[in-house]
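mind looking at a prediction? Sequence and model below.
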Amino acid sequence: MARQRKFWGWGVEGEGPNDAQAAALGKTLGQRFGVSELEIAPPPRIEDVTLPKPRVVPPDRLAALCSQTPFDRASHTYGKSFRDTVRGARGEFEPAPDLVAFPRSEADVVALLDWCGDARVAAIPYGGGSSVVGGVEAQVGDGYRGAVSIDLAGLGAVLEIDRSSRAARIQAGIYGPALEDALRPQGLTLRHFPQSFEFSTLGGWIATRSGGHYATLATHIDDFVESLRVVTPTGVSESRRLPGSGAGPSPDRLFIGSEGALGIITEAWMRLQDRPRFRASAAVAFRGDDGFVCGARVVRSLTQSGLYPTNCRLLSPTEALTAGAGAGDAAILVLGFESADHGLDAWMQRALELCRDGGGEVPEGAGATRSDAGATREGAAGAWRQAFLHMPYLRDVLVRASVISDTFETAITWDRFEEFHREVTRAAEDAVKRVCGAGSVSCRFTHVYPDGAAPYYTVLAPGRRGSELAQWDEIKAAASEALLRHGGTITHHHAIGRDHRPWYDAQRPEPFARALRAAKAELDPAGVLNPGVLIDPL
């Protein structure tokens, strides 16, 4: 029997912490925050959800593609941010789309966009719905007769594989696991594993410039795109498939990161890799009050060494404790290499030498090359991996316990990192204390580069039942303003959506903003594609 996705939170029904585990978590967090045991509210039921009456009906020629069932409308109302999950857990679905469309071909996508343009209906492209920035929400204002969520799951196949070039032509609606299953018999992999991998799609990754598995080198989906095919209201744009080109501005880059505001990605040729056979990993501890900063200096030396580790994730003591990768008394660097071609001892031993030179504690015998299945599932690396995959399920429980649990991420150059980290952490901690009275702010590196790092901050604090969204808004604003004030980006890999718009508008150059608005007017003259994402509706 097929597993049913939750309509209000992460993943599928029946997975994640059970009632006893949720109650134990509430007790533990209550003790941590110095409050009474936290009450875990029951999850919502679709039978109890009241949805607004649909404002539009599809024309007869499209009716077979569309659904107005409560489950489909509710499950396409939000993404998976803290704000989304709070509203879903409360059973609040006022922004529900009027329709959910399930095209089965590119021709269906064209027909749906033609109708939306003619009928003044907003069209919200939908991949797996894992957006954490309000990117799929039908908050489109009063200038539209209604809104339709266009779910691309029906375009979910690998159409062609070029083994000699290690590339494949893939439909945009394919989910991560299905994509890897299709490539595995050829010994190939896209090797792009965001935290949302199980419940997100290729088209969603491209539209949001998703960050994936690699901590260095190919960190974003951008690096794997060979060409794109995109349906816009004024025609289909298909770029030429090439290993590289200097022919003017890249047409692919116009649509990568466009979040469905300029067109709907239907296909992409993607660069692939041979599946890794060899892996090596180690966990290095950095102790002392400045352990995290010492670890960051070592990470800088690693990124500038030319070794290019696959995994180079520095966890603050709190992050390490939460993930089970440490005891909370040291920052932990989870370091890893992998290859389909060769053993890794030389690379790992040089990397560990740099760690020791920087004050890191390297366990005896760490870093041996392995080719068995347990290579990625044991030790600190395995603990971090499991915590990383389970965290979205855990957050559903935290929301039901009225705990503020959210993240914000950025990127900054090495010359500014230490001051930046100190000031951003201070601003976030001050906001948490002011708004919630208690809580914590922790940090890890998700991706690192020769010229800088991508710090990822986690906020955990007690909320007041019924006031969680107002509390989140205040903390989010304080953190976002600190990021820009001290020279970082509003997001490294979580896109803009609607939640980041105020800070994105401040970050981007004004001439570029005008060019983006001009592109929107040319490609989507009726302004129906995902209004409010990246730019205001026309």
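Nice, I can see it.

host element of F286?
F286 belongs to strand 278-287 when elements are defined using DSSP states H and E.

pLDDT of that strand, averaged?
For strand 278-287, the mean per-residue pLDDT is 95.

try stretch 30-37
Across stretch 30-37, the average pLDDT comes to 77.

now do the buried residues in that stretch.
Buried positions in stretch 30-37, judged by neighbour count with 16 or more other CB atoms under 10 Å: G30, F33. Yep, even glycine has a C-beta here, placed from its N, CA and C like the rest.

confirm for me that E423 is in contact with H486.
Yes: here E423 lies in contact with H486, judged by CB atoms under 8 Å, at a distance of 5.2 Å.

right, and the helix or strand after the strand holding F286?
Proceeding N to C from strand 278-287, the next assigned helix or strand is helix 291-303, under DSSP H and E.

may I see the buried residues of the strand holding F286?
The neighbour-count criterion (16+ other CB under 10 Å) identifies F278, R279, A280, S281, A282, A283, V284, A285, F286 as the buried residues of strand 278-287.

show me the contacts for the third one.
Counting by CB atoms under 8 Å, 6 or more residues apart in numbering, A280 touches G336, F337, E338, L344, D345, W347, M348, G367, A368, T369, R370, A375.

how close does it get to L483?
Applying CB to CB, to the nearest Å, the value for A280 to L483 is 34 Å.

swap in the first one?
Per CB to CB, F278 is found 38 Å from L483.

read off the pLDDT value for R370.
According to the prediction, R370 has pLDDT 88.

could you list everything it pairs with in the sheet?
Note on R370: beta-bridge partners R279, judged by DSSP bridges.

quick check: the gap between it and R356.
Applying CB to CB, the value for R370 to R356 is 21 Å.

ok, those two, which is more surrounded?
Neighbour tally, R370 and R356, criterion other CB atoms under 10 Å: the higher count belongs to R370, 17 against 12.

list the contacts for that one?
R370 makes contact with F278, R279, A280, according to CB under 8 Å, 6+ apart.

that one and Q4: what is the separation?
Remark: distance between R370 and Q4 (CB to CB) = 37 Å.

skipping adjacent residues, who's closest to Y308 in space?
Nearest non-adjacent residue to Y308, counting by CB to CB, 6 or more residues apart in numbering: T216, 4.7 Å away.

and if you look at K6?
Once flanking residues are discounted, K6 sits nearest to E13: 5.9 Å by CB to CB, 6+ apart.

so that neighbour sits against Q4, correct?
Yes: A contact is recorded between E13 and Q4 when judged using CB under 8 Å, the distance being 5.2 Å.

next secondary structure after the lowest-mean-pLDDT helix or strand in the chain?
Within the chain, judged by mean pLDDT, DSSP states H and E, the helix or strand with the poorest mean is helix 379-400; its value is a mean of 77. Scanning forward in sequence from helix 379-400 by DSSP H and E, the next helix or strand is strand 403-409.

ok, G117 touching T232?
No: taking CB under 8 Å as the definition, G117 is not a contact partner of T232, at 10.5 Å.

buried sites along stretch 15-23?
G16, P17, A22, A23.

who are the packing partners of the host helix or strand of E423?
Using DSSP H and E, the element containing E423 is helix 414-436. In terms of contacts (3 or more CB pairs under 8 Å, 6 or more residues apart in numbering; DSSP states H and E), helix 414-436 is packed against helix 291-303, strand 403-409, strand 440-449, strand 452-462, helix 468-485.

in the stretch 101-250 of the chain, which spans are strands?
All strands of the stretch 101-250 of the chain, identified by DSSP state E, counting those that start in this stretch, fall at 121-126, 146-151, 158-162, 167-171, 188-189, 225-232, 235-238.

how about the ones you listed, which one is nearest V140?
Smallest distance to V140 across those (CB to CB): 4.2 Å, for strand 121-126.

any chance you could list what contacts the closest one?
Contacting residues not belonging to strand 121-126 are listed as 56, 76, 97-98, 100, 112-113, 115-116, 136-138, 140, 144-152, 203, 207, 260, 264-265, 528-531 [CB under 8 Å, 6+ apart].

could you report the neighbour count for P52?
Using other CB under 10 Å, P52 is surrounded by 11 other residues.

looks to me like it is in a helix.
No: assessed with DSSP: H, G, I helix; E, B strand; the rest coil, P52 is coil; it does not lie in a helix.

shouldn't it be in contact with A96?
Yes: contact between P52 and A96 holds when scored by CB under 8 Å: they sit 6.2 Å apart.

quick one: the residue nearest to A119 when sequence neighbours are not counted and C116, what's the gap?
Excluding the flanking residues, the one nearest A119 by CB to CB, 6+ apart is R145, at 6.1 Å. With distances taken as CB to CB, R145 is found 10 Å from C116.

neighbour count for those two, which is higher?
Summary of the neighbour comparison: R145 and C116, criterion other CB under 10 Å, with C116 having more neighbours (27 against 13).

would you confirm that the more buried one contacts V148?
Yes: the pair formed by C116 and V148 meets the contact definition of CB under 8 Å, at 6.4 Å.

one step back: the residue nearest to Y308 is in contact with P309, isn't it?
Yes: T216 is in contact with P309 according to CB under 8 Å; the separation is 6.0 Å.

drop anything exposed from the contacts of strand 121-126.
56, 76, 97-98, 100, 112-113, 115-116, 136-138, 140, 144, 146-152, 203, 207, 260, 264-265, 528-531.

so which of those sit within helices?
Secondary structure of those is defined by DSSP state H; positions in helices are L112, L113, W115, C116, G203, A207.

and G374, what's its pLDDT?
Reading off the confidence values, G374 has pLDDT 67.

gap between the two ends of stretch 397-416?
The distance separating the two terminal residues of stretch 397-416, taken as CA to CA, to the nearest Å, comes to 37 Å.

for it, buried residues please.
Along stretch 397-416, the positions that meet the burial threshold by neighbour count (16+ other CB under 10 Å) are 397-412, 414.

ok so, going back, so which of T216 and P309 has more stuff around it?
Here T216 and P309 are set side by side on neighbour count (other CB under 10 Å), and the busier one is P309, at 28 against 18.

the more buried one contacts L217, correct?
No: in terms of CB under 8 Å, P309 does not count as a neighbour of L217; the distance is 9.3 Å.

quick check: R287 vs S371, distance?
For R287, the distance to S371 under the criterion CB to CB works out to 32 Å.
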